[in-house]
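Undergrad: fold the stuff below for me.
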Amino acid sequence: MVACRYCGEAYLSEARIQSKFLEACKYNLQLSDNSRILIFFDSTSDAIVKMIKPAIAQSHYRVEFLALGSKRPYKTIPEEITKKVKDVDAVIGVYNYGDHDDWSMSELEFRMNIIDLMQNMPIRYAHAPGLSADMLANGSFQCDFKKIAEVAEALLSELDGAHLIHVTSPRGTDFHLKLTSRMKFETDAVIVPPGVETPGKTGNWPPGEVWVESYEKVERVGSVPVRIDSHGRIVSDICVGGIAATVDPKQPITIVVKSDGWLESYDSPDVRFKRVKDNWRADAAKWKVQPYTQELGIGLNDRARIGTGNLLEDEKARGTCHVAIGSYRSHTDFLIDRPTIKVTYMNGSAKAIMVDGKLQMV
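TA: Numbers count the residues shown, from 1 in each chain. Alright, predicted model coming up:
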C-alpha cells in the first residue's frame with residue numbers, strides 16, 4: 001500500500017486502479033475500441049480524474065473531459081453536456097461530495113435531470129454520485145467486473161417471474177412486496193442500452209446490485225403513482241441514502257408501510273436521520289403525494305465495504321438489500337444487513353434466493 005500522488009489516500013497501486021477503470025469500461029459498459037466517451041466531473045473530483053487519465057491515454061477510447069465548475073450547488077445542466085451527449089457512446093458522471101453532505105440533497109434535481117437526459121439518448125450512462133478516491137482505490141471499484149456481471153445474470157434468472165417477495169432480517173425487518181408482470185428486475189452490473197422503458201441505460205458506478213422499482217413516476221401535481229404493492233416493517237441498520245453517516249445497529253431506523261404501499265410511520269432514535277422526514281414533507285407539499293415504496297435492491301459486490309456511510313458503496317455490498325421510500329422524482333434507500341429473501345413465483349413455486357445475507361445461487 002502506498003499513498004496516491006494526487007490525494008494522499010492509501011491504495012493498492014496506480015496501475016491496478018487504472019486497469020480496473022479499463023475493466024469497468026470493457027465489462028460494465030461493454031465498450032469497444034474507438035468508443036466515444038464523455039467524462040464530466042464536479043469541482044471536488046480532480047484527484048479521481050487525474051487517477052484515471054493515464055488509463056485513458058493507454059486505451060483506444062476517444063475520451064473528452066468536461067469540468068462542471070466550482071459554483072455549487074449545481075442547478076441546471078450545462079449546455080456543453082446537452083450538446084456533447086449527442087455524439088458519444090457513453091457518459092461517465094463523477095461527483096465527489098467529500099465533507100459537503102448537503103450538496104447530495106441540494107443537487108438532487110440536477111442529477112435527476114441529467115439521468116432523464118441520458119435515458120432518452122441511446123447511450124450508456126455511468127452515474128457516480130459520491131465516488132471517492134478511497135472507494136476507487138480500496139473499495140467496491142476493486143471488484144471483478146466480469147464476475148459481478150455473471151452473478152447478476154444468474155440472479156436475474158432466479159428472479160424471473162417473481163410475484164411475491166418476503167424480506168426478513170435479524171433486527172426485525174418483516175416486509176412483503178407484490179410485483180406485477182410489468183415490474184422487471186434490472187441491474188447496473190452491465191450498463192448497455194436499451195433500458196426497459198427508455199432508449200438509454202443508466203447505472204451506478206461502482207456497480208453491483210439488482211433491483212426492481214415502480215415502473216411509473218408521478219408526472220404532475222396530485223397524480224397518483226404506480227406503487228409497488230407492499231406492507232410491513234423495514235429495520236434499517238447500516239446507512240441511509242443522502243446522509244453521510246452510519247446507522248448504529250443498536251438504534252436502527254424503523255419504517256412501517258401500510259398495506260397499499262404508502263408510508264405509515266418513520267422512527268429514528270438518531271437525530272441525524274430525522275431530516276429524511278423533512279425531505280419527504282417538502283416533496284409531499286410540492287407534489288401532493290405522500291411517500292410510498294419505490295424500489296427493492298439486492299447487493300452483489302463482494303468488494304463493497306459495509307458501514308462506510310456512503311450509500312453508493314454500502315448499497316452494493318453483498319449480504320445486504322435495501323428498500324427505497326420516496327415521492328415523485330426521488331427516493332431514500334434504507335439498507336438492511338443480512339436479510340433473508342424468499343420469492344414466490346407467478347406459477348406458485350417458491351424458494352429462498354438469499355439466507356442471512358448469503359446468495360443461494362453463488
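Undergrad: centroid residue for this protein?
TA: Centroid check for the chain by CA atoms, centre = their mean gives Asn204 as the closest residue, at 5.1 Å.
Undergrad: just give the closest residue to Asn347, not the sequence neighbours.
TA: Spatially, and ignoring its direct neighbours in sequence, Asn347 is nearest to Gly161 (6.8 Å; CB to CB, 6 or more residues apart in numbering). Where C-beta positions appear, they are placed from N, C-alpha and C, glycine not excepted.
Undergrad: give me every residue that touches the residue nearest to the centre of the chain.
TA: 126-129, 188, 312, 316 (CB atoms under 8 Å, 6 or more residues apart in numbering).
Undergrad: please redo it, this time with the cut-off set to 10 Å
TA: 125-131, 140, 188, 191, 311-313, 315-316 (CB atoms under 10 Å, 6 or more residues apart in numbering).
Undergrad: who wins on neighbours among those residues?
TA: Comparing the contacts of Asn204 by number of neighbours (other CB atoms under 10 Å), Lys316 comes first, having 32 neighbours.
Undergrad: you'd agree that residue is up against Ile238?
TA: No - with contact defined as CB atoms under 10 Å, Lys316 does not reach Ile238; the gap is 11.7 Å.
Undergrad: any residues in contact with both of those two?
TA: 306, 322.
Undergrad: what count of nearby residues applies to the residue nearest to Asn347?
TA: By other CB under 10 Å, the residues close to Gly161 number 14.
Undergrad: pLDDT score for it?
TA: As predicted, Gly161 sits at a pLDDT of 95.
Undergrad: cool, Arg329 as well?
TA: Reported pLDDT for Arg329: 68.
Undergrad: pull the contacting residues for Phe175.
TA: The neighbours of Phe175, taking CB under 10 Å, 6+ apart as the test, are 165-169, 230-235, 255-257, 293, 296, 321, 323, 336, 339, 341.
Undergrad: filter those residues to the buried ones?
TA: Taking 16 or more other CB atoms under 10 Å as the criterion, what is buried in those is 165-169, 230-235, 255, 257, 293, 296, 321, 323, 336, 339, 341.
Undergrad: out of those, which sit inside helices?
TA: Assignment to helices by DSSP state H places none of the buried ones among the contacts of Phe175 there.
Undergrad: for Leu159, what are its contacts?
TA: Neighbour list for Leu159: 165, 179, 184-185, 210, 212, 298, 341, 343, 345, 353 [criterion: CB under 10 Å, 6+ apart].
Undergrad: show me how to select, in PyMOL, the buried members of these.
TA: To isolate the buried members of these in PyMOL, using 16+ other CB under 10 Å:
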select buried, resi 165+179+184+185+210+212+298+341+343+353
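Undergrad: so which of the contacts of Leu159 belong to strands?
TA: Residues of the contacts of Leu159 located in strands (DSSP state E): 165, 210, 212, 298, 341, 343, 345, 353.
Undergrad: surely Gly241 is in contact with Glu313?
TA: No - with contact defined as CB under 10 Å, Gly241 does not count as touching Glu313 (12.0 Å).
Undergrad: what touches both of these two?
TA: Residues within reach of Gly241 and of Glu313 at once, by CB under 10 Å, 6+ apart, are Gly130.
Undergrad: all strands of the stretch 151-300 of the chain, in order?
TA: Counting by DSSP state E, counting those that start in this stretch, one finds strands in the stretch 151-300 of the chain at the ranges 162-168, 174-178, 186-187, 201-204, 209-213, 229-236, 253-257, 263-267, 292-299.
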